[in-house]
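Q: quick one, fold the following:
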Amino acid sequence: MFDPIEIEIFRNIFQSICDEMGSVLKRSSFSPNIKERQDYSCALFTSNGESFAFGSHIPVHLGAMPLSVKEAIKEVSLEEGDMVILNDPYKGGTHLPDLTLISPFYFEKKLLFIVANRAHHSDVGGIKPGSMPLASEIYQEGLIIPPVKIVRKGVICKDVLKIILSNVRTPEEREGDIIAQIASNKRGIERLREVVEKYGVEKCLENAKN
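A: Numbering: from 1, shown residues only. Reported below is the predicted structural model:
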């Protein structure tokens, strides 16, 4: 039997995690696009990629992010401490400037949840910077990133980051924004751990499902 009061309590707990992830991303980012325009979104997902909590962010991001999470689950072995980055529109990315970072949350060696954020970068290469270049094919729009690990067991994959930064016009700004996205996911994982330790695995899983 569902307890509506408990469900509402957990709804607010989970949403507050997403909102805090967004605050970390906003305050840590380098670019006005994220810091001032607030063109980003954060969300929580079940272990199979179903969304159950969103921040008060961009609806078009939040509607497509589950597809990106499911693609990451399908294509990459998500281990504790990993983060996946992607922007491929054919794998749930809205358009190439929107980079999505996806992180698994493990508790006692069991995958319980997934946290993710998506942020709009002002340049991802291509014939011109910005969101809508006069392109006739996707390759002119910028660097296409399939689901790949940007962090492996807690360590940033500098080779992957170097490839991304070598294809943009403002690498320092891009690096700062990607690091901010990494920090956002880390905060989400920290807060989920606190909630699971306080309320227990079963209660958290049950209320995420509800």
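
Q: give me the below-cutoff pLDDT ranges for this protein.
A: The chain contains residues with pLDDT under 70 at 1.

Q: one more time with 80
A: 1-2, 131-132 (pLDDT under 80).

Q: who's in contact with the nearest residue to Asp39 once chain neighbours are set aside?
A: With CB to CB, 6 or more residues apart in numbering as the criterion, Asp39 has its nearest non-adjacent residue at 3.8 Å, and that residue is His120. Every residue, glycine included, has its C-beta placed from N, CA and C. Applying CB atoms under 8 Å, 6 or more residues apart in numbering, we find His120 in contact with 33-34, 37, 39-40, 97-98, 131.

Q: with distance to Ile58 and secondary structure added, can I get these in TSV?
A: Converted to TSV, those look like this (distance: CB to CB, whole Å; DSSP: H, G, I helix; E, B strand; the rest coil):
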residue	distance to Ile58	secondary structure
Asn33	12	helix
Ile34	11	helix
Arg37	10	coil
Asp39	7	coil
Tyr40	7	strand
Pro97	13	coil
Asp98	9	strand
Ser131	13	coil
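
Q: from the residues you listed, list just the buried residues.
A: Neighbour-count burial (16 or more other CB atoms under 10 Å) is assigned, among those, to 33-34, 39-40, 97-98, 131.

Q: out of those residues, the closest to Gly142 would be?
A: Closest approach to Gly142 among those (CB to CB): Pro97, at 7.0 Å.

Q: now that closest one: how far from Ile164?
A: Separation of Pro97 from Ile164 (CB to CB, to the nearest Å) stands at 12 Å.

Q: and Glu141, by the same measure?
A: Noted for Glu141: a distance of 15 Å to Ile164, by CB to CB.

Q: list the buried residues in stretch 182-194.
A: 182-189, 191-192.

Q: got the contact list for the spatially closest residue to Ile189 that is not a sequence neighbour?
A: Of all residues not flanking Ile189 in the chain, Phe105 sits nearest, at 5.2 Å (CB to CB, 6+ apart). Counting by CB under 8 Å, 6+ apart, Phe105 touches 111-115, 188-189, 192-193.

Q: what lines up beside whichever helix or strand Phe105 is part of in the sheet?
A: For Phe105, the element it lies in under DSSP states H and E is strand 98-107. Strand 98-107 pairs in its sheet with strand 83-86 (antiparallel), strand 110-120 (antiparallel), by DSSP bridges.

Q: show me the one of these that comes nearest Phe52.
A: So among the strands paired with strand 98-107, strand 110-120 is nearest, using CB to CB, at 8.4 Å.

Q: list the buried residues in the helix or strand just after that closest one.
A: As assigned by DSSP H and E, the chain's next helix or strand after strand 110-120 is strand 148-152. For strand 148-152, the neighbour count (16+ other CB under 10 Å) marks 149-151 as buried.

Q: go on, stretch 85-105?
A: 85-89, 91-105.

Q: any idea how far apart the tips of it sit?
A: 16 Å (CA to CA, to the nearest Å).
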